[in-house]
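Model the following, please.
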Amino acid sequence: MRIHFIAIGGSAMHNLALALHDKGYQITGSDDQIFEPSRGRLEKAGILPDEMGWFPEKIGADLDAIILGMHARTDNPELLRAQELGLKVYSYPEFLFQQTANKKRVVIGGSHGKTSITSMILHVMNDVGMKCDFMVGAQLEGFDRMVNLEESTEVAIFEGDEYLSSPIDRRPKFLHYKPHVALLSGIAWDHINVFPTFEGYVDQFRLFVESIEPNGSLIWYSGDEHLHEVTNKALGNTKSLPYLAHPNVVDNGVTSLQTNNGLVELQIFGNHNMENLQGAMLVCRELGIQDEQFYKSISTFGGAARRLELIDKCETGAVYRDFAHSPSKLKATVRALKEQYPTRRLIACMELHTFSSLSADFLKEYDGCMDEADIAIVYFSPEAVKHKKLDMITAEEVSKGFGGGVTVETDSAALKEYLLNTSMDETNILLMSSGNFGGLDVIAVGKQLIEFSA
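From the prediction side, this is the model:
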């Protein structure tokens, strides 16, 4: 097949392009900008576009399909040409379903934790030698790619995002997958630029539950009040499997699972991760993996990239980074570090970066979510607000939205200077963002902090 990617440089898009290239498909693509690591990976595979921009003259009737990324616009000249020629235009989730239509599909959904849960499942399956197709939203240790598609596999594991599928397909991505096994980790309002009301947002999860294949399984976190209502929409022949956090103990900064065969020491921590782990274990049971195998494998799981990821540590402190940006994620991540190291000072920094978080109307949703930090810093870039064409927010509005008690910073250089002058004596630093704090190299800053403390 000959497939052309419009906006090939995206995280999911370039990984899908590489997976299809590995299957022997003829892949071309375009984009107006491609950054690392996408650029280097595409170049190594020989499918990096020769020049940046959109070239409708390269779209011909000999193409079998177009895959359209979210970075493109509805008036993209290549898209308009493809539509004029009557070519089939897919979103990437739509194409993933086409590739796995005859396989057992497992889809991990929810407003938070889905990358971590998917990563845990893939780690265990890899450890026990169970091959599968997959799509996950983070780079995992032991995996070359975030997308894998093979002819010989019988199972597909997908992280199920509720955001839009493409500029011309306004359905949430997870509605394309039609799972045989579905998991929902919880519902907390997000993406208000697409779902302006909480009720409209919750409706997407109801539709997801209704999309489960006949005689399928629904695994869901029973500590979430909204999921009780949503799961009632499951068809009568769907197996319902509620879960809570796996029993565990914390001793001297180390979390261990309590099992029938004794304690199982983990590399990860936090109550939200114990919830994620229990959900992952139920999925693995549905795939025929015994609990004993699961425990043995999960003990070596170090976490997904940017999910409570340790940057560096010394004897008296540590620096972590996390993808957290929504209120529920912030609260869970801050609490996890505080509970794991109750005697250490916690300095928590987060960046308002998404459309939702930079909206004045949404700021009140953050009330109290960083209260457990000893020092809480909220950063936002006025340039990012302008770029997203949102109404400008003020430091006062941000502070009020968080319920006070936070320092608001808009200067990335000043934030860096503050961090580098921080003592790591009995101190943990947590850097949370789906962006990069206005160009701040958080890995380098974290390592400098620990180096200065040595």
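
The longest strand anywhere in the chain packs against which elements?
In terms of residue count, the longest strand belonging to the chain (DSSP state E) is strand 345-352. For strand 345-352, the packing partners by 3 or more C-beta pairs under 8 Å, 6 or more residues apart in numbering; DSSP states H and E come out as helix 327-340, strand 375-380, strand 427-432. C-beta: built from backbone N, CA, C; applies to glycine.

Return the alpha-carbon coordinates of that strand using PDB.
Below are the C-alpha coordinates for strand 345-352, written out as PDB (Å, rounded to 0.1, in the frame of the first residue of the first chain):
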ATOM      1  CA  ARG A 345      10.200  19.500  51.900                       C
ATOM      2  CA  LEU A 346       8.400  19.300  48.600                       C
ATOM      3  CA  ILE A 347       8.800  22.100  46.000                       C
ATOM      4  CA  ALA A 348       6.200  21.500  43.300                       C
ATOM      5  CA  CYS A 349       6.300  23.500  40.000                       C
ATOM      6  CA  MET A 350       3.700  23.200  37.300                       C
ATOM      7  CA  GLU A 351       3.200  24.800  34.000                       C
ATOM      8  CA  LEU A 352      -0.200  26.000  32.600                       C
END
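
Which strands border it, and is each parallel or antiparallel?
strand 375-380 (parallel), strand 427-432 (parallel) (DSSP bridges).

Can you tell me which of the ones you listed is nearest to residue 260?
Smallest distance to residue 260 across the strands paired with strand 345-352 (C-beta to C-beta): 33.2 Å, for strand 427-432.

could I get the strands paired with strand 345-352 as CSV with mean pLDDT, distance to residue 284 and mean neighbour count?
Listed next are the strands paired with strand 345-352 as CSV, based on pLDDT from 0 to 100; distance: least, C-beta to C-beta, whole Å; neighbours: other C-beta atoms under 10 Å:
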stretch, mean pLDDT, distance to residue 284, mean neighbour count
strand 375-380, 96, 37, 22
strand 427-432, 96, 29, 25
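
Of those, which is nearest residue 15?
So among the strands paired with strand 345-352, strand 427-432 is nearest, using C-beta to C-beta, at 24.0 Å.

Pull out the buried residues from whatever helix or strand comes next after that closest one.
Under the assignment DSSP states H and E, the closest C-terminal helix or strand after strand 427-432 is helix 442-453. For helix 442-453, a neighbour-count test (16 or more other C-beta atoms under 10 Å) marks 442, 445, 446, 448, 449, 450, 453 as buried.

contacts for helix 442-453?
311-314, 316-319, 321, 416, 419-420, 422-425, 429, 431, 433, 436 (C-beta atoms under 8 Å, 6 or more residues apart in numbering).

cutoff 7 Å now
311-314, 316-317, 319, 321, 416, 419-420, 422, 424, 429, 431 (C-beta atoms under 7 Å, 6 or more residues apart in numbering).

Farthest pair within those residues?
Farthest pair in the contacts of helix 442-453, by C-beta to C-beta: 316 and 416, 21.5 Å.

who's more crowded, the two?
More neighbours surround residue 416 than the other of residue 316 and residue 416, with 19 against 14 (other C-beta atoms under 10 Å).

So the more buried one is in contact with residue 440, correct?
Yes: counting by C-beta atoms under 7 Å, residue 416 does reach residue 440; the two are 5.7 Å apart.

Tell me the helix or strand right after the lengthiest helix in the chain.
Longest helix in the chain, counting residues (DSSP state H): helix 271-286. Moving toward the C-terminus from helix 271-286, the next helix or strand (DSSP H and E) is helix 291-298.

hmm, who's touching that next one?
120, 123, 124, 127, 128, 257, 259, 264, 277, 281, 284.

Likewise for stretch 323-332?
Residues contacting stretch 323-332 (C-beta under 7 Å, 6+ apart): 111-112, 188, 190, 270, 272, 306-307, 333, 350, 353-354, 357, 365-366, 369-370, 432-434.

at 6 Å what do you get?
For stretch 323-332, contacts defined as C-beta atoms under 6 Å, 6 or more residues apart in numbering pick out 112, 188, 190, 272, 306, 333, 350, 354, 357, 365-366, 369, 432, 434.

for residue 99, what are its contacts?
Neighbours of residue 99 in contact, by C-beta under 6 Å, 6+ apart: residue 149.

Now do the strands in the stretch 151-300 of the chain.
Counting by DSSP state E, counting those that start in this stretch, the stretch 151-300 of the chain has these strands, from start to end: 155-159, 164-166, 169-172, 181-184, 217-221, 239-243, 248-251, 254-259, 262-265.
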